[in-house]
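Trainee: Just a sequence and a predicted model for now, questions to come.
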Amino acid sequence: MNHNNKTKEVLEAELKAIQEKGIQADRESLKRNMHTQFADPLEFAREYVVNSYDAMATECYISGRETDETVTVTIRDNGKGMGLQRLQDYFKIFRSRKDYTDVKAIGRFGVGKMSVAAIPGLLLFSGVTSTGNECWRFETDTLIDDRPVNLERIEPVPSKGTKFEITIMKTMSLSDLLSKIYDILFKYVRHLKIDVYFDLPEVDEEHNPIRRKLTKGIWDYGHKFLGKELKVFINETPVEIVMGIGICGHELYQNKVFITSRYNLLSFDLGKEIIVPNLMIRINSDYFELTFGRHCLSNESILLYLAKEIREIILPEYFEYIISCFNEDLVTGSPEIIEKIDEMVVGLLALNPNNESWDTFPLFNVHGGGRISFRKLREDILKNGLVYIEASENEGTDYSMFNATVLKQHQPEHGLELVEKAFGKKVINLNLRDTVIEILNKNKIVLSAEEKQFETFLVFQAKQEVLNRIIRRGNQSSDYYSDGNIDLNEQLDNSMGICEEARIVERDISSLSWKVNYLVERDGKTSCYSRKFLISGNKIILNLNHSEVRQFVELSSINARLSAHWAMAMCLSDPKLLPHITPDAREDILLIDAMSRINADGDFIPNREFVKTEKPFLDFLRNCKNKDGKDDSFNS
């Protein structure tokens, strides 16, 4: 028999065995994997309090005792207890009988009992359970191995309830251990409708044992936090959503037992995390399905729907509720809440700047008025083209003379960042020391006729048809220079080497607007002499205070077209203007513009023969191509 036939027979035998017996799992490995799903070994306390609640207990008592080497924790309740069949089910993994009609069971998988196996140094797990009709005692030293659990019937039968005892090797005092268990229970079950008491190994001043009750949580956040409960449905299953103002956090619960705060419930479906400051969200639903360790959902896809529902429906509805709560008592009596709401609105605007529920909320502090909304600010910027942010050191600055809204430095946290991100270059931050602005009071400054004429020529004449005509003319007359004019042809070819990119920048150039005015420092009145021009979005403002710009204005009386060309060439040499355009394209654009302006009547250059006979034009082209040359009239 060859190897292949043998392998085939072995495989067929294994498949037949699986068909007859099913797939066999390594039970011990499976159990070990399950108990490792519990992040904290003391989470057994949560599981057993939950079990008490599922057994309809109203009270649960936690106590303990210790020796030099061991610590024993006792958890007992007044629930319905377990009969023999229910107790046998309890010790079977994946079996948990929860058929009480008066309570929504929290434990569902029958694996909560495995949390005990996660405790390092487990020595003994035992307990007593009574239904009022029968009572059983159980004991084992492990839940991982498949060792039998010792069961013993108890007579006479005590009152209903169950008591668990877990004995472990001592690594801390009983007092410290109970303190850690208290913290875990406060985190997970403080909202559960069951009273939990701790009998501490301490006495009061009268030597009486101290009993401490687990503090109950406020589920709806309360009026002081502007808490409100809202509700949505998933396949007719209710999802309870509670919102409030406080420490930002998103919490998931199942039957008011905490699951996790790891999810962002506003942006789970967006692929990016968006934080709305001070917004507390608590979601509770029986629809959630949990993993063994109870720290995340196994049906996370439900959060895709919930996140969108919260953003688009629940959140606007809650914000309308907040607005309805505004009154004199809230404003004067709870300034900390008002501040938190302001900060929250900044986050909401980052989440959705166009939502009318919050974009009309008076948020930003402005000079010359109280507060304006994001919508009003947007309208002002659309009208005026910009918005100012005041300087920190602004003594003596009269912001009433400014030609647009001036925001104060003091704003809700991240408010100015929101404005700068939303409106970009339209925001003039006067707090920057190199800030220069256009003179504000236009009534006091009247441009001269010479300045107005110069401004009218600040329009690029570089158009696609100019480039096409130059190239076409050049191709038609290429034979003209074949007889001895090599040197001049080479100069022309070098000067007129129009790059392909220059063909497609007409839209960018046409989007620019040019003007002349006097630039001032950030106080709005001190003349600025250092800056030649100001770039504000797509607007270029030449500074009439600067000496070179003054020279351009004076030269415009001799040749306004070329003077304007040189002024615009000076600006275009700055890479901040149209930064995506390459240096070669900038040079070619200037060449095309110059060729459009070279005749006094504004006609295009007729042909290259004109260029040959007009040496000044060739010199002009050479100067345009060589901005680092010796010609100071252009080298700016």
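Mentor: All right, it came through fine.
Trainee: Now do the same contact list for the residue nearest to the spatial centre of the chain.
Mentor: Centroid-nearest residue in the chain, with C-alpha atoms, centre = their mean: Ile274, separated by 2.7 Å. Ile274 makes contact with 264, 266-267, 347, 350-351 under the criterion C-beta atoms under 8 Å, 6 or more residues apart in numbering. Heads up, the C-betas are built off the backbone N, CA and C, glycines and all.
Trainee: Name the member of the residues you listed with the most neighbours.
Mentor: Neighbour counts for those, by other C-beta atoms under 10 Å, peak at Leu266, which reaches 24 neighbours.
Trainee: returning to what we had before: what's the closest of the contacts of Ile274 to Ser536?
Mentor: Ala350 (25.3 Å; C-beta to C-beta).
Trainee: if I look at the closest one, how far off is Leu226?
Mentor: 21 Å (C-beta to C-beta, to the nearest Å).
Trainee: Can you give me the distance of the nearest residue to Arg375 once chain neighbours are set aside to Lys272?
Mentor: Among residues not flanking Arg375 along the chain, Asp359 sits closest, at 4.6 Å (C-beta to C-beta, 6 or more residues apart in numbering). With distances taken as C-beta to C-beta, Asp359 is found 21 Å from Lys272.
Trainee: in the stretch 51-200 of the chain, which spans are strands?
Mentor: Using DSSP state E, counting those that start in this stretch, the strands of the stretch 51-200 of the chain run over 59-66, 70-77, 122-130, 135-140, 150-153, 161-169, 195-203.
Trainee: How about the stretch 201-350 of the chain?
Mentor: So, for the stretch 201-350 of the chain - with DSSP E, counting those that start in this stretch - the strands run 209-213, 228-234, 237-245, 249-254, 257-260, 279-285.
Trainee: So for Pro148, which of those sits nearest?
Mentor: strand 257-260 (31.9 Å).
Trainee: Packing partners of the closest one?
Mentor: Other elements packing on strand 257-260 under the criterion 3 or more C-beta pairs under 8 Å, 6 or more residues apart in numbering; DSSP states H and E are helix 174-189, strand 249-254.
Trainee: Out of these, indicate the one that is most buried.
Mentor: strand 249-254 (a mean of 19; mean count of other C-beta atoms under 10 Å).
Trainee: Can you list the low-confidence ranges for the protein?
Mentor: 1-39, 93-114, 118, 142-147, 292-293, 395-396, 433, 441-444, 461-506, 598-636 (pLDDT under 70).
Trainee: Helices of the stretch 401-550 of the chain, start to end?
Mentor: 415-423, 449-456, 464-476, 486-495, 506-510, 547-555 (DSSP state H, counting those that start in this stretch).
Trainee: Where does the closest residue to His410 other than its chain neighbours fall, secondary structure wise?
Mentor: Spatial nearest neighbour of His410, excluding adjacent residues (C-beta to C-beta, 6+ apart): Asn365 at 5.8 Å. In the assignment (DSSP states H and E), Asn365 maps to strand 364-365.
Trainee: Can you give the strand pairings for that strand, parallel or anti for each?
Mentor: strand 371-372 (antiparallel) (DSSP bridges).
Trainee: Work out the gap between the partner strand and the centre of the chain.
Mentor: With C-alpha atoms, centre = their mean, to the nearest Å as the basis, strand 371-372 stands 25 Å off its chain's centre.
Trainee: elements contacting the following helix or strand past that strand?
Mentor: Per DSSP H and E, the first helix or strand lying C-terminal to strand 371-372 is helix 374-384. Judged by 3+ C-beta pairs under 8 Å, 6+ apart, helix 374-384 is in contact with strand 387-389, helix 415-423.
Trainee: What is the shortest one packed up against?
Mentor: Packed against strand 387-389 by the contact rule (3+ C-beta pairs under 8 Å, 6+ apart) you find helix 374-384, strand 406-407, helix 415-423, strand 427-429.
Trainee: Tell me which of the ones you listed sits most buried.
Mentor: Ranked by mean neighbours (mean count of other C-beta under 10 Å), the helices and strands packed on strand 387-389 are led by strand 406-407, with a mean of 22.
Trainee: what residues does that strand touch?
Mentor: The contact list for strand 406-407 (C-beta under 8 Å, 6+ apart) reads 364-368, 387-390, 399, 416, 419.
Trainee: on that earlier part again, and the residue nearest to His410, bridged to which residues?
Mentor: With DSSP bridges as the rule, Asn365 is bridged to Arg371.
Trainee: Which of Asp359 and Lys272 has more residues huddled nearby?
Mentor: Shown here are Asp359 and Lys272; by other C-beta under 10 Å, Asp359 has more neighbours (19 against 6).
Trainee: which residues does the more buried one contact?
Mentor: 349, 353, 373-375, 378 are the contacts of Asp359 under C-beta under 8 Å, 6+ apart.
Trainee: How about Arg550?
Mentor: Leu544.
Trainee: heads up, I number from 342, so please use that
Mentor: Yes, from this point I'll number from 342; that puts the last item at Arg891.
Trainee: From Asn884, how far off is it?
Mentor: 9 Å.
Trainee: for Asp683, same thing?
Mentor: Counting by C-beta to C-beta, the gap from Asp683 to Asn884 is 39 Å.
Trainee: With Phe705 instead?
Mentor: On the measure of C-beta to C-beta, Phe705 and Asn884 end up 31 Å apart.
Trainee: His755 now?
Mentor: 34 Å.
Trainee: more neighbours, Asp683 and Asn884?
Mentor: More crowded of Asp683 and Asn884, by other C-beta under 10 Å: Asn884, with 25 against 21.
Trainee: Would you mind naming the residues that bridge with the closest residue to the more buried one other than its chain neighbours?
Mentor: Leaving aside its sequence neighbours, Asn884 sits nearest to Leu860 (C-beta to C-beta, 6+ apart; 4.2 Å). Beta-bridge pairing of Leu860 under DSSP bridges involves Glu779.
Trainee: I'd like the strands of the stretch 542-691 of the chain laid out as TSV, including distance to Arg872.
Mentor: Listed next are the strands of the stretch 542-691 of the chain as TSV, based on distance: least, C-beta to C-beta, whole Å:
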stretch	distance to Arg872
strand 550-554	71
strand 569-575	54
strand 578-586	46
strand 590-595	49
strand 598-601	56
strand 620-626	44
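Trainee: Just say which of those strands is most tucked in.
Mentor: The most buried one of the strands of the stretch 542-691 of the chain (mean count of other C-beta under 10 Å) is strand 620-626, showing a mean of 23.
Trainee: Return it as CSV; C-alpha atoms alone will do.
Mentor: C-alpha atoms of strand 620-626 as CSV (Å, rounded to 0.1, in the frame of the first residue of the first chain):
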residue,chain,number,x,y,z
LEU,A,620,-21.2,64.9,27.3
MET,A,621,-22.1,61.9,29.3
ILE,A,622,-23.9,59.0,27.5
ARG,A,623,-25.2,55.9,29.2
ILE,A,624,-26.9,53.2,27.1
ASN,A,625,-28.7,50.3,28.6
SER,A,626,-30.4,47.4,26.6
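Trainee: Tell me what angle it forms with strand 569-575.
Mentor: 40 degrees (axes from the mean of the first three to the mean of the last three C-alpha atoms, to 10 degrees).
Trainee: mind listing what strand 620-626 pairs with, with the direction of each?
Mentor: strand 578-586 (antiparallel), strand 590-595 (parallel).
Trainee: contacts for the first one?
Mentor: Contacts with strand 578-586, where a contact means C-beta under 8 Å, 6+ apart, come from 560-563, 566-574, 619-628, 647, 651, 655-656, 659, 663, 678, 681-682, 685.
Trainee: Cheers, nothing more for now.
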